[in-house]
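Chemist: Turn this into a model:
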Amino acid sequence: YAGVMSDNGRWGRFERRPGDTVISTPSKCGTTWMQHIVAMLILDTTVLDLPISALSPWLDARTHTDIEVFDLLAAQTHRRTIKTHTPLDGVPHPTDVSFIAMARHPLDVALSFRDHQDNVDYSRVRAMIGEASGFPDVPPREQPPTDPAAYLAWWIDNDIEPDGAGPYGLGDFCNSIRACWGVRTDPNVLLVHYSDLCRDPQSEIARIAEFLDLDVSPKFTAAVAVATSFDRMRSNAENTAPFADNSSWSDPTDFFRVGGDRRCADQIDGAVLDRFGERLKLLDPEQQEWVLRGSSVVAR
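Modeler: Numbering: from 1, shown residues only. All right, here's what the predicted structure looks like:
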């Protein structure tokens, strides 16, 4: 999983510690939300004193050199939490490291990714990659259609080979889901669905704390649920949005453009929806059920 944006080869050079928590999700599945939840649980606070990209860096992103990221994490004395969009079959799996993987309804992912592309300052991101990699002329990404219906049709059929930074299409998304589903019964792996976290954040946060072997009170899980709510994180976007401290967004607040379940499956053309159903057969029926509807019981 190596491409312009990320390189999972860094995991082979990274010195892990027992107790590290790796958050591995397809992009736009609640990564930033989960980073804040885990950081607050581990640090026993609802007020984080660093931007999330400094506290929980994206290890394999080429926007910074591997040494910069490794040194940042090496300097942390507390239990660490690390972000990646690399599917779990592309990350080493020591048993003393915890892995949390997330999923979201694929069409919600597609629309959220479209919003993301509208807001990100790709010239700034390319400049960061060029500076970190030593290659100043980083090529721009393919630009998808701007019309919403055409965009969804493009995303559903897009088969760009995954590089661990997507999903750039439904095939990429399904690849990530298969990877985490295959290890879901491992004791150091937890699967969380975005919709379950939306429906009952306090119960899901308590489940995450139990998985991480953290003894927290219901009062604290309720406080974390409030502190990581969409409105609260949006109001503090200069610290909560990833890379906001590097001016990577046209507007950091717009990183939190639409939260919750978007219900877009009820709003798109029938032919596109039919094609989506056909393409979703890249997943087996049990995997399809989970990504479309959630339910921790199914996944674990």
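
Chemist: residues in contact with residue 125?
Modeler: The neighbours of residue 125, taking CB atoms under 8 Å, 6 or more residues apart in numbering as the test, are 5, 63, 243, 248. Quick note: C-beta positions are derived from backbone N, CA and C, even for glycine.

Chemist: at 6 Å instead, please
Modeler: For residue 125, the contacting residues are residue 248, by CB atoms under 6 Å, 6 or more residues apart in numbering.

Chemist: what about the residue found closest to residue 92 once you drop the neighbours it is linked to in the chain, distance to residue 274?
Modeler: The shortest distance from residue 92 to any residue other than its chain neighbours is 5.5 Å, reached at residue 11 (CB to CB, 6 or more residues apart in numbering). According to CB to CB, to the nearest Å, residue 11 stands 39 Å off from residue 274.

Chemist: hang on, isn't the residue nearest to residue 92 packed against residue 90?
Modeler: No: Residue 11 is not in contact with residue 90 according to CB atoms under 6 Å; the separation is 7.6 Å.

Chemist: So what's the residue count around residue 120?
Modeler: 16 (other CB atoms under 10 Å).

Chemist: So what sits opposite it in the bridge?
Modeler: residue 249 (DSSP bridges).

Chemist: pLDDT value on it, please?
Modeler: Residue 120 is assigned a predicted lDDT (pLDDT) of 72.

Chemist: what about it, distance to residue 152?
Modeler: 19 Å.

Chemist: Can you get me a residue count around residue 135?
Modeler: 12.

Chemist: Hmm, I typed the wrong one, I wanted residue 95.
Modeler: When neighbours are counted by other CB under 10 Å, residue 95 registers 9.

Chemist: can you pull the contacts of it?
Modeler: With contact set as CB under 6 Å, 6+ apart, residue 95 has these partners: residue 188.

Chemist: which SS class is it?
Modeler: On the three-state scheme (DSSP: H, G, I helix; E, B strand; the rest coil), residue 95 is labelled coil.

Chemist: Check residue 83 too.
Modeler: Using three-state DSSP, the structure places residue 83 in strand.

Chemist: wait, it sits on residue 56?
Modeler: Yes: between residue 83 and residue 56 there is a contact under CB under 6 Å: 5.5 Å.

Chemist: Between those two, which is the more surrounded one?
Modeler: For residue 83 versus residue 56, neighbours defined as other CB under 10 Å are more numerous around residue 56 (27 against 24).

Chemist: rewinding a little: higher neighbour count, residue 11 and residue 274?
Modeler: Between residue 11 and residue 274, counted using other CB under 10 Å, the more crowded position is residue 11 (19 against 10).

Chemist: any idea how far the more buried one lies from residue 292?
Modeler: According to CB to CB, residue 11 and residue 292 sit 30 Å apart.

Chemist: Then residue 34?
Modeler: Distance from residue 34 to residue 292, by CB to CB: 20 Å.

Chemist: Equivalent analysis for residue 221, please.
Modeler: Look at residue 221 and residue 292: by CB to CB, they are 27 Å apart.

Chemist: cool, and residue 74?
Modeler: Counting by CB to CB, the gap from residue 74 to residue 292 is 41 Å.

Chemist: which of these two has more neighbours?
Modeler: Neighbour tally, residue 74 and residue 292, criterion other CB under 10 Å: the higher count belongs to residue 292, 17 against 13.

Chemist: Secondary structure element for that one, which one?
Modeler: helix 285-293 (DSSP states H and E).

Chemist: in that helix, what counts as buried?
Modeler: Using 16 or more other CB atoms under 10 Å as the test for burial, helix 285-293 gives 287-288, 290-292.

Chemist: What segments of the stretch 1-150 of the chain are strands?
Modeler: With DSSP state E, counting those that start in this stretch, the ranges of strands along the stretch 1-150 of the chain come out as 21-24, 81-84, 98-103.

Chemist: would you turn the ones you listed into JSON lines with mean pLDDT and distance to residue 198?
Modeler: Conversion of these to JSON lines gives the following (pLDDT from 0 to 100; distance: least, CB to CB, whole Å):
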{"stretch": "strand 21-24", "mean pLDDT": "97", "distance to residue 198": "17"}
{"stretch": "strand 81-84", "mean pLDDT": "96", "distance to residue 198": "20"}
{"stretch": "strand 98-103", "mean pLDDT": "96", "distance to residue 198": "12"}
